[in-house]
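**Q** here are the coordinates; sequence isn't available:
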Ligand code: HEM
Ligand SMILES: [Cu+2]
């Protein structure tokens, strides 16, 4: 990379655009954070309420999955540009791991 | 820091290599260490063939024979084929994409040392009470029952060298994603870079299952675990699944870079653009994906049930489709080309029929009912040697000749190169073709001897004779290398005269910063485009000459590795020697300590100044 420094000055419109975008991002993050707290509350409540294990386990797993997705997209910036490669690798890994788990369940432990 | 190379003494050179973070030097280290292990594995192969040359032979004992076949397979796959391919990836890939180095030069060095010391650890088993003897697959029901420390050496050695491979794989991925020169879009990357990319992705996903499996094995054998012991509620089949979830992608980790090397060779020596470039890329990625969906074809006879067998049989056969696409693309690249039959091209031409033969037997084995007949017979041995020797090893030998001038600025002798090819190629078919029939005649794999009345003696003798021919081929190659190194005639850049990709455009010997100015890539086969347009320099530049930031050499990767190496001895003798736990702790402390030093101490590297660059003629 070149070390002959270049100074780039933002125009007023660019500045306003970025400001607005940041504001929107912030709102999104706070909303997501609230949703995640809420989901966690549900998880704790199901346990505290003493529902059957067969209900609790799937519900918690589902909530966990939703939280992972929210985490990735809103806090780890996967919704933004230039994250396609990371997303691609992540989904490939999920697909592959899913195959392994499915096979293990069906032909080792249940079969 | 002057960029002009000076003659150095032996000590300085040694220190330079121990601390280097330069991808070109690490490539040489990989090539040298991998070749050493290739020779060791080759000697083991010769011992196997001597033992099997005649019936009722007692050249080696049954127990020693098991150790030799185990070490042969393990060495060849983990310590020879993969590292040598890593060497070529290091040497060529950054140059192909116009990068000054890999993304993490420090990790690159660490990866190499881990591989080397893992390999040394594994081989020390020969001198410390016996080598592993449960096959390279080390099935848990066998390996848990194996007395002595052989299997412990296997598990710990592979764990260390596996970590190195994993680090290397991640490094290549990040390099290719982030460090491509301006204009080098994904769909302009040379095929060797593409296959390096996909093979690294396979490493990323395939090595964790192996790591887990090996940890389970380490716990079971050294720390009182019961993961695989069915009498204690474990399950021995889980090792097989974990091993093959890794193992099948592993064979594609080996063959994809080989495909890449041959794709480069076919285009270069047919003096034509690679036919069907985008379908080649597509096929490579598809093979990568499918490679994860087929592992149970190694376990058809385990008793998974007809449904599972059927699903995995069909998935396995599906892989033949993208593989077939590649074969046709290569044929159509040669078709109508202006072909130059150099040594690398000779290997490429020999590769096609050999690999197709291996693929066809693969499809036969993929038919689960037929595999009940073929499994664990010499037919399997023939299959995987056809794909691995006929594919991977031919590619490695081709690449040695193809990239020698790029790595060392010397040309290997073409006549001797062709002699190597013919000896090796004829020897290879002689050794392994006949093994198909031995398998069909009922000879099981991994037997240490057979009776004179079984009718297998002639074919085994032929097979052993072929192995001798291959050995002669390799010896000629060694002589060729020695002559070339002693003569040391510089050849300059683009020695094959028809180079198409960026690595051939760089002045020779390659300056340690690779590119004085980052190149601008204007299409597939960049260098070819520039040559067609009469550009004498062979490159269009994307930036003016300016300071270059380079990383400092570091001894820390070596120390980190030594720590793990010491710790492994502690783990190995756990529960047997009093000093085991202290040694384990000491080793881990060295590793963690050097990691801490690395994290705390700032190392900003150095700059090569514009003025020095202007004066440097780039090695000419
Ligand atoms: C058309 C593609 C291929 C197919 C359909 C295929 C299929 C198979 C099957 C079904 C087996 C298991 C046979 C048994 O143990 O009963 C097998 C074994 C094997 N294959 Fe392939 N294969 C293919 C390509 C490759 C390639 C490209 C490589 C390596 C570069 C490879 C390396 C191996 C190895 C090492 C084994 C034996 C493992 C062992 O038991 O030690 N195969 N193959
Ligand atoms: Cu396989």
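**A** Structure received. Model, not experiment: these values are computed from the prediction. Ligands and ions are numbered 1, 2, ... in the order given.
**Q** determine the set of other helices and strands touching the lengthiest helix in chain B.
**A** If you go by DSSP state H, chain B has its longest helix at helix B:236-270. Applying 3 or more Cβ pairs under 8 Å, 6 or more residues apart in numbering or on different chains; DSSP states H and E, one finds that helix B:236-270 contacts helix B:82-96, helix B:140-143, helix B:191-222, helix B:277-290, helix B:306-334, helix B:343-366, helix B:378-387, helix B:394-408. All C-beta atoms are positioned from the backbone trio N, CA, C, and that covers glycine.
**Q** recalculate using a threshold of 7 Å.
**A** Counting contacts by 3 or more Cβ pairs under 7 Å, 6 or more residues apart in numbering or on different chains; DSSP states H and E, helix B:236-270 is packed against helix B:82-96, helix B:140-143, helix B:191-222, helix B:277-290, helix B:306-334, helix B:343-366, helix B:394-408.
**Q** what sits against residue B:362?
**A** B:383, B:387 (Cβ atoms under 7 Å, 6 or more residues apart in numbering or on different chains).
**Q** distance of residue B:66 from residue B:328?
**A** 42 Å (Cβ to Cβ, to the nearest Å).
**Q** more neighbours, those two?
**A** For residue B:66 versus residue B:328, the count of surrounding residues by other Cβ atoms under 10 Å in any protein chain shown is larger for residue B:66: 22 against 13.
**Q** mind listing what's buried along the helix or strand harbouring that one?
**A** Assigned by DSSP states H and E, residue B:66 belongs to helix B:62-74. Within helix B:62-74, the residues that count as buried by 16 or more other Cβ atoms under 10 Å in any protein chain shown are B:64, B:65, B:66, B:67, B:68, B:69, B:70, B:71, B:72, B:73, B:74.
**Q** any chance of these in TSV, plus distance to ligand 1?
**A** Listed next are the buried residues of helix B:62-74 as TSV, based on distance: Cβ to the nearest ligand atom, whole Å:
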residue	distance to ligand 1
B:64	20
B:65	16
B:66	14
B:67	16
B:68	15
B:69	10
B:70	11
B:71	14
B:72	11
B:73	7
B:74	11
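**Q** so who does the spatially closest residue to residue B:414 that is not a sequence neighbour touch?
**A** Once flanking residues are discounted, residue B:414 sits nearest to residue B:343: 5.6 Å by Cβ to Cβ, 6 or more residues apart in numbering or on different chains. Residues near residue B:343 by Cβ under 7 Å, 6+ apart: B:401, B:414, B:417, B:418, B:421.
**Q** surely the fourth one and residue B:346 touch.
**A** Yes: the pair formed by residue B:418 and residue B:346 meets the contact definition of Cβ atoms under 7 Å, at 6.2 Å.
**Q** more neighbours: which of these two?
**A** Neighbours were tallied for residue B:418 and for residue B:346 using other Cβ under 10 Å; the higher tally belongs to residue B:346 (23 against 17).
**Q** OK, contacts around residue A:75?
**A** residue A:29.
**Q** can you classify residue B:490 by secondary structure?
**A** Of the three states, residue B:490 takes coil under DSSP: H, G, I helix; E, B strand; the rest coil.
**Q** separation between the closest residue in space to it that isn't next to it in sequence and ligand 1?
**A** Distance criterion Cβ to Cβ, 6+ apart; nearest residue to residue B:490, sequence neighbours excluded, is residue B:409 at 5.0 Å. For residue B:409, the distance to ligand 1 (Cβ to the nearest ligand atom, to the nearest Å) stands at 32 Å.
**Q** so which bits of the longest helix of chain B are buried?
**A** Result for helix B:236-270 [16+ other Cβ under 10 Å]: buried residues B:236-270.
**Q** could the contacts of residue B:343 be laid out in JSON lines, adding secondary structure, distance to ligand 1 and pLDDT?
**A** Compiled in JSON lines, the contacts of residue B:343 are given as follows (DSSP: H, G, I helix; E, B strand; the rest coil; distance: Cβ to the nearest ligand atom, whole Å; pLDDT from 0 to 100):
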{"residue": "B:401", "secondary structure": "helix", "distance to ligand 1": "21", "pLDDT": "95"}
{"residue": "B:414", "secondary structure": "helix", "distance to ligand 1": "28", "pLDDT": "93"}
{"residue": "B:417", "secondary structure": "helix", "distance to ligand 1": "24", "pLDDT": "94"}
{"residue": "B:418", "secondary structure": "helix", "distance to ligand 1": "25", "pLDDT": "95"}
{"residue": "B:421", "secondary structure": "helix", "distance to ligand 1": "20", "pLDDT": "96"}
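**Q** any idea which of those has the most stuff around it?
**A** Highest count within the contacts of residue B:343 by other Cβ under 10 Å belongs to residue B:401, 27 neighbours.
**Q** in chain A, which spans are helices?
**A** Going by DSSP H, chain A shows helices at A:12-48, A:53-70, A:84-103.
**Q** mind listing what's buried along the last one?
**A** In terms of neighbour count (16+ other Cβ under 10 Å), helix A:84-103 has its buried residues at A:92, A:96, A:103.
**Q** when you check chain B, which of these turn up near it?
**A** Among those, the residues that sit close to chain B (Cβ under 7 Å from any Cβ of the partner chain) are residue A:96.
**Q** now, among the buried residues of helix A:84-103, which is nearest to chain B?
**A** Using Cβ to the nearest Cβ, residue A:96 comes nearest to chain B of the buried residues of helix A:84-103, at 4.9 Å.
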